[in-house]
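Novice: sharing a sequence plus its predicted fold:
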Amino acid sequence: MRTRTPLIHLHSFAPVLFLLFVLSVLLRPVPADASVNRITDQAGLLASDAVSSLEDTILSLESEYSVSIRILTEQDLNGKSTTRFLEDYFDSEYAAGRLAADAVLLLVSMEPGNRTVEIQGYGICEDLISYNRIDDILDEITPMLSRGDYLTAFETFLERTGYYLGHEEVPFYFTTLFQVIAALAVGAITVAVLLPRDSGRVTTNSRTYLNQEHSGVTASRDIYLRTLVTRTRRPDSDSGHGSRNTGGRSPGGASHSGGSRGF
């Protein structure tokens, strides 16, 4: 006897198909569009051929790691901090579809008396371009910016960024140094616990060999006289030329890592 196979109605799968379509749109990275400006040099720090060379490098990194990378230079931030300027830039460019959710931004502000460089990482770049790694990059490029070698500074930024995007940060407790120190500490604790148990019992004390009738030392005591306290001024964390952690969340709600340095 033949059985009839029930018909599968496509409309029953419509909600699932629609959900998959929405997810594919939301999770799709921004393509590496060569027409998008990756260098915005409002401060005029770079020659045109240098801009082209840097943009080619950025385009290559974006294609390899599916992220967005931007370098911005500004002469005037219109009263904004470098942190807020970059956050507003990310929110605006991301909303316009010109920036991926995973992005690395570098801003050099040339405002007189407050020249500052800041780096921020968004999306997966918040972990790959972490606070520690941003500090390392700033350690390298800040002296270059100070002496006016802007092209080398930007090339170094891109080289280090590319390296970090391809290498996840290893937690400190997985490093060889930490494991060696931990092994030595465990060994020392073990010896300290077991050693007293293996030694003989001590039956003498401070009075065993003391002649009570002829000893001239009868007692001792410590007298507290005074405490000397010295104070050192803590550097101002808001100083324009200090190193500052600027991670947080943009006005649009995007979480990011960040660090800045005066030069």
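Specialist: Done, it's in. Just so it is clear, the structure is predicted and the values come from calculations on it, not from any experiment.
Novice: make it CA atoms for all contacts and neighbour counts henceforth
Specialist: Fine.
Novice: the helices in the stretch 51-200 of the chain, which residues?
Specialist: 82-95, 125-128, 131-146, 150-165, 176-198 (DSSP state H, counting those that start in this stretch).
Novice: elements contacting the shortest one?
Specialist: The one in question is helix 125-128. Secondary-structure packing of helix 125-128 (3 or more CA pairs under 8 Å, 6 or more residues apart in numbering; DSSP states H and E): strand 116-122, helix 150-165, strand 255-262.
Novice: pull that helix out as PDB, backbone CA atoms only.
Specialist: Taking C-alpha atoms only, helix 125-128 is exported to PDB below (Å, rounded to 0.1, in the frame of the first residue of the first chain):
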ATOM      1  CA  CYS A 125      40.200  44.400  18.000                       C
ATOM      2  CA  GLU A 126      39.400  45.400  21.500                       C
ATOM      3  CA  ASP A 127      41.100  42.200  22.600                       C
ATOM      4  CA  LEU A 128      43.700  41.900  19.800                       C
END
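Novice: residues touching that helix, excluding its own?
Specialist: Applying CA atoms under 8 Å, 6 or more residues apart in numbering, the external contacts of helix 125-128 come out as 102-104, 120-121, 164-165, 167-169, 255-257.
Novice: mind putting the residues you listed into JSON lines with neighbour count?
Specialist: Compiled in JSON lines, the contacts of helix 125-128 are given as follows (neighbours: other CA atoms under 10 Å):
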{"residue": "Asp102", "neighbour count": "20"}
{"residue": "Ala103", "neighbour count": "23"}
{"residue": "Val104", "neighbour count": "28"}
{"residue": "Gln120", "neighbour count": "28"}
{"residue": "Gly121", "neighbour count": "27"}
{"residue": "Tyr164", "neighbour count": "17"}
{"residue": "Leu165", "neighbour count": "18"}
{"residue": "His167", "neighbour count": "10"}
{"residue": "Glu168", "neighbour count": "12"}
{"residue": "Glu169", "neighbour count": "14"}
{"residue": "Ser255", "neighbour count": "17"}
{"residue": "His256", "neighbour count": "26"}
{"residue": "Ser257", "neighbour count": "24"}
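Novice: now render those residues as CSV, adding pLDDT and distance to Glu62.
Specialist: Output for those, formatted as CSV (pLDDT from 0 to 100; distance: CA to CA, whole Å):
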residue, pLDDT, distance to Glu62
Asp102, 98, 10
Ala103, 98, 9
Val104, 98, 10
Gln120, 98, 16
Gly121, 98, 14
Tyr164, 98, 13
Leu165, 97, 10
His167, 91, 15
Glu168, 87, 17
Glu169, 65, 20
Ser255, 97, 20
His256, 98, 18
Ser257, 97, 19
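Novice: show me where pLDDT drops low in the stretch 151-263 of the chain?
Specialist: Per-residue confidence for the stretch 151-263 of the chain (pLDDT under 70) gives these ranges: 169-242.
Novice: chain neighbours aside, what residue packs nearest to Leu61?
Specialist: Spatial nearest neighbour of Leu61, chain neighbours left out: Gly162 (6.5 Å); criterion: CA to CA, 6 or more residues apart in numbering.
Novice: count the neighbours of that neighbour for me.
Specialist: Using other CA atoms under 10 Å, Gly162 has 19 other residues around it.
Novice: ok, Ser81 to Thr246 distance?
Specialist: Plainly put, Ser81 is 10 Å away from Thr246 if you go by CA to CA, to the nearest Å.
Novice: where does the stretch 1-150 of the chain have low pLDDT?
Specialist: 1-35.
Novice: where's Ala50 relative to Gly44, distance?
Specialist: Noted for Ala50: a distance of 11 Å to Gly44, by CA to CA.
Novice: neighbour count winner among these two?
Specialist: Between Ala50 and Gly44, Ala50 has the larger neighbour count (other CA under 10 Å), namely 15 against 12.
Novice: the more buried one - that's part of a helix, no?
Specialist: Yes: secondary structure of Ala50 (DSSP: H, G, I helix; E, B strand; the rest coil): part of a helix.
Novice: I'd like to know how many residues surround the residue nearest to it when sequence neighbours are not counted.
Specialist: Here the nearest residue to Ala50 in space, its sequence neighbours aside, is Leu151; by CA to CA, 6+ apart that works out to 7.0 Å. The burial count assigned to Leu151 is 18, neighbours taken as other CA under 10 Å.
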